[in-house]
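J.: next comes the sequence, and after it the predicted model I'd like to discuss.
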Amino acid sequence: MIVIPGTTAAATLHVGPGQSYTTIQGAISASSPGDTIYVDGGNYAEIVNANKPVTLIGIVNGAGHLPVIDAAGHGGNAVSITSSGVTLDGFTIQGATAGVGIHIDGSDIVLKNLNIQSNHRGIFANVSENVEITHCSFSDNLAVDITTFQYNHHLAIRDCTFRDNYGPCSILLLLTDYVTIENVTMDNVEWGIFSIFNNHSAYFNISITNCTTGIISEFSHDSRITGCEVTTVNTSAMGIAFLAAGDVEMDDTACSNSMVNLYLVECNDFTITNVTLKDSLERNCLIEECNNIAIFNSLLTGSQALSFQAEKSDQVLLSGLNVSGNGDGIMIKECTNSVLRQSRITDNDGCGLSLEDSQNISVVQNTFLNNQNYNAMSVNSPDARWNTTVPAKYTYQANVYNNSTGNYWSDYTGADTNGDGIGDVPYVNGDVIDYFPLVTLSSGYDFSGRLPHIIPMGTTIDMSAFYSGATPIAPVTTPTAMPTSQPTATPAITPAPAVTPTATALPSPDASATPAQESQGSSNVLYIVIGALGLAIVGGVAAYLLFLRK
């Protein structure tokens, strides 16, 4: 027999009535790194410090209940994880009304099958890596945030629910990179997800309902949002908002019932595909001071005021949109080098398209139908083009023609004597002059290089026909799987650099502080962060929209 000094096999410990240990902490104190501790169902009125790399597994009792770690009356945090390599599986965590349900100060942490309820905050993770949270529920937690992560890397939250939480944030991410949030449901919460100074995030299949704000991302880059749905209450400010963010892909996402459903300010390099924005109080989509924003194949409907507004932005590409049934349709104001193409602007109560104080704008191959005040109007935008400037092949009624093309206008009265689908005389409405108006809905044409209403993956979008002069837009190829690139211009626009916080942005953990003290100190800092950043963007939107109403 060979004996290797210093090695021992992992042990199994049991906690519960009639077991070797009656308290969870007693079993942890007696354990060695790598041990597994099984905890029988029942109520454990204690606070727990997992200061060793152990696995704690809750066993459902005969009544079908998980073991409960109840910190009521003990003060501080219900569970403090102060070691790396800890797994917590199958517990109800409650009663930390002055602290945190689970405070994490370690790496390689696995939390699963937990009910985290009736705490001041649910989870707080500080300076941690590789934290995985799966199949957990959060409810009736009271404080500013339910789940907070700061100075962390590689965080995954999957298959979790958040309900009936009362603080502003369900998930607050601060200086946390490589985040995946997937298959998460939030209902009856204040804010859903608030992300600040984070990079490399992915949000998949998230449902946020009955909230005041769904998702806010500030000073964050390289994000992907897929298959998400946000439904806010009518008094809320925003559904999804980005401030100073860049390199974002969003697709198959819906937002409704907000004051502003989708808000982008000072953002760069966005690709937004197949989104539904509806029933807003003021704007379905508001874009301000942004560069290189592309929105494809999306529905914007039911806004009580203006459905889409782009202001003080450069290189905005709108293609394949359906903007219908709103107060007003689209406003493009003080923008440059932008395109609206192959979209439907129909049945809006006011103006279909308002173009104001803008330069180098192309509006081509769209359908303007039954907008009550004007189909389109142009103010102080003399170089706007309402038709393509270079002849190109297109198919109309099974025949192929070569010509420039404009838009379909429901109030156009000209004839098409040669049957090529182009009106014989220009469409003129004030400063809107379309020299090649279409005589039927744009969907009745197959344009050469045309972007179909549903973009086939890998399609090359030829934008050369829409510009003349020194600043053409280069051809753009849609991705083969997901949008990974945006239309770029020549010369290329360099996105604004990501804002890098200094080391003094938040205090470093105090080695002498207890987890409860550290958590409380971090809470105070986070309150300030939320007040300074989150409320600023919410208040800014509200103030701006009130200004518009004057």
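T.: Noted; the coordinates are in hand.

J.: P67 is in contact with D40, isn't it?
T.: Yes: using C-beta atoms under 8 Å, P67 is in contact with D40, at 6.5 Å. C-beta: built from backbone N, CA, C; applies to glycine.

J.: the two - which one has more neighbours?
T.: Neighbour totals were compared for P67 and D40, and P67 leads with 24 against 16 (other C-beta atoms under 10 Å).

J.: and the lengthiest strand in the chain, what does it pack against?
T.: Ordering each strand of the chain by length in residues (DSSP state E) puts strand 169-187 first. If contacts are counted by 3 or more C-beta pairs under 8 Å, 6 or more residues apart in numbering; DSSP states H and E, strand 169-187 sits against strand 145-158, strand 161-163, strand 191-196, strand 199-211, helix 515-529.

J.: got any ranges where the stretch 51-200 of the chain has weak pLDDT?
T.: Within the stretch 51-200 of the chain, the segments meeting pLDDT under 70 span 142-150, 167.

J.: could I get the contacting residues of I59?
T.: 16, 38-41, 67, 90 (C-beta atoms under 8 Å, 6 or more residues apart in numbering).

J.: using a markdown table, lay out the residues you listed together with secondary structure and distance to L172.
T.: Below are the contacts of I59 laid out as a markdown table (DSSP: H, G, I helix; E, B strand; the rest coil; distance: C-beta to C-beta, whole Å):
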| residue | secondary structure | distance to L172 |
| --- | --- | --- |
| G16 | coil | 35 |
| Y38 | strand | 33 |
| V39 | strand | 30 |
| D40 | strand | 34 |
| G41 | coil | 32 |
| P67 | coil | 28 |
| G90 | strand | 26 |
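
J.: touching both of P67 and D40, which residues are there?
T.: Joint contacts of P67 and D40 (C-beta under 8 Å, 6+ apart) are 16, 59, 61.

J.: which strand residues bridge L355?
T.: Here L355 sits in beta bridges with I332, S378, as judged by DSSP bridges.

J.: run a quick neighbour tally on it.
T.: Neighbour count of L355, defined by other C-beta under 10 Å: 25.

J.: and if you look at the one 5 residues further on?
T.: Applying other C-beta under 10 Å, we find 22 residues neighbouring N360.

J.: what is the burial count for the residue nearest to it when sequence neighbours are not counted?
T.: Excluding its sequence neighbours, the residue lying closest to N360 (C-beta to C-beta, 6 or more residues apart in numbering) is N337, at 4.9 Å. Burial measure for N337: 22 neighbouring residues, criterion other C-beta under 10 Å.

J.: isn't there a strand covering N337?
T.: Yes: using DSSP: H, G, I helix; E, B strand; the rest coil, the assignment for N337 is a strand.

J.: you'd agree it is up against A310?
T.: No: if you go by C-beta under 8 Å, N337 and A310 don't touch, sitting 11.7 Å apart.

J.: so where is this protein shaky, pLDDT-wise?
T.: 1-8, 142-150, 167, 234-236, 448-550.

J.: can you give me the domain assignment for it?
T.: 9-143, 146-151+166-266+526-550, 279-495 (automatic domain parsing).

J.: tell me which stretches of this protein form helices.
T.: For the chain, the helices defined by DSSP state H cover 24-30, 515-529, 535-549.

J.: list the contacts of the first one.
T.: This means helix 24-30. The contact list for helix 24-30 (C-beta under 8 Å, 6+ apart) reads 13-15, 20-21, 37, 39, 44, 46-52, 54, 56, 69.

J.: buried subset of those?
T.: 13, 15, 21, 37, 39, 44, 46-52, 54, 56, 69 (16 or more other C-beta atoms under 10 Å).

J.: go ahead and confirm A10 touches K52.
T.: No: applying C-beta under 8 Å, one finds A10 not in contact with K52, separated by 11.7 Å.

J.: show me whatever sits in contact with both of those two.
T.: Both A10 and K52 are in contact with 32, 35, where contact means C-beta under 8 Å, 6+ apart.

J.: what about stretch 367-374, start to end distance?
T.: Using C-alpha to C-alpha, to the nearest Å, one end of stretch 367-374 lies 13 Å from the other.

J.: and that stretch, how far from the chain's centre?
T.: Relative to its parent chain, stretch 367-374 has a centroid offset of 32 Å by C-alpha atoms, centre = their mean, to the nearest Å.

J.: how about that stretch: buried residues?
T.: Applying 16+ other C-beta under 10 Å to stretch 367-374 flags 367-369, 371, 374 as buried.

J.: want to throw those residues into JSON lines with distance to P382?
T.: Listed next are these as JSON lines, based on distance: C-beta to C-beta, whole Å:
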{"residue": "T367", "distance to P382": "25"}
{"residue": "F368", "distance to P382": "20"}
{"residue": "L369", "distance to P382": "26"}
{"residue": "N371", "distance to P382": "23"}
{"residue": "Y374", "distance to P382": "18"}
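
J.: nearest to S170, of the residues you listed?
T.: N371 (39.7 Å; C-beta to C-beta).

J.: what about the spatially closest residue to that closest one that is not a sequence neighbour, how many residues nearby?
T.: Closest residue to N371 apart from its sequence neighbours, by C-beta to C-beta, 6+ apart: G352 at 3.5 Å. Residues near G352, counting by other C-beta under 10 Å, number 29.

J.: quick one: residues contacting G352.
T.: By C-beta under 8 Å, 6+ apart, the neighbours of G352 are 323, 328-330, 345-346, 368, 371, 374-376.

J.: from those residues, which land in strands?
T.: Per DSSP E, those map to strands at 323, 328-330, 345-346, 368, 374-376.

J.: which one of those residues is nearest L264?
T.: Using C-beta to C-beta, I330 comes nearest to L264 of these, at 15.2 Å.

J.: the closest one: neighbour count?
T.: 27.

J.: how far away is it from A310?
T.: I330 is 8 Å from A310, where distance means C-beta to C-beta, to the nearest Å.

J.: and what of A202?
T.: 27 Å.

J.: need the contact list for the closest residue to T417 other than its chain neighbours.
T.: Once flanking residues are discounted, T417 sits nearest to D424: 5.7 Å by C-beta to C-beta, 6+ apart. By C-beta under 8 Å, 6+ apart, the contact set of D424 is 414-418.

J.: distance to S170 and neighbour count for these - can I get that in JSON lines?
T.: As requested, those are arranged in JSON lines below (distance: C-beta to C-beta, whole Å; neighbours: other C-beta atoms under 10 Å):
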{"residue": "G414", "distance to S170": "56", "neighbour count": "15"}
{"residue": "A415", "distance to S170": "60", "neighbour count": "10"}
{"residue": "D416", "distance to S170": "57", "neighbour count": "15"}
{"residue": "T417", "distance to S170": "63", "neighbour count": "8"}
{"residue": "N418", "distance to S170": "62", "neighbour count": "9"}
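
J.: let's have the residues you listed in a markdown table, adding distance to I157.
T.: Formatted as a markdown table, those follow (distance: C-beta to C-beta, whole Å):
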| residue | distance to I157 |
| --- | --- |
| G414 | 58 |
| A415 | 62 |
| D416 | 58 |
| T417 | 64 |
| N418 | 62 |
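
J.: of those, which pair is most distant in space?
T.: Distances among these were taken as C-beta to C-beta; the most separated pair is G414 and N418, at 12.4 Å.

J.: before we move on, the earlier item: from the contacts of G352, pick the one nearest A245.
T.: I330 (22.8 Å).

J.: what's the distance between that closest one and S303?
T.: I330 is 11 Å from S303, by C-beta to C-beta.

J.: which strand residues bridge the residue nearest to G16 when sequence neighbours are not counted?
T.: Nearest non-adjacent residue to G16, counting by C-beta to C-beta, 6+ apart: D40, 2.9 Å away. On the basis of DSSP bridges, D40 is bridged to I59.
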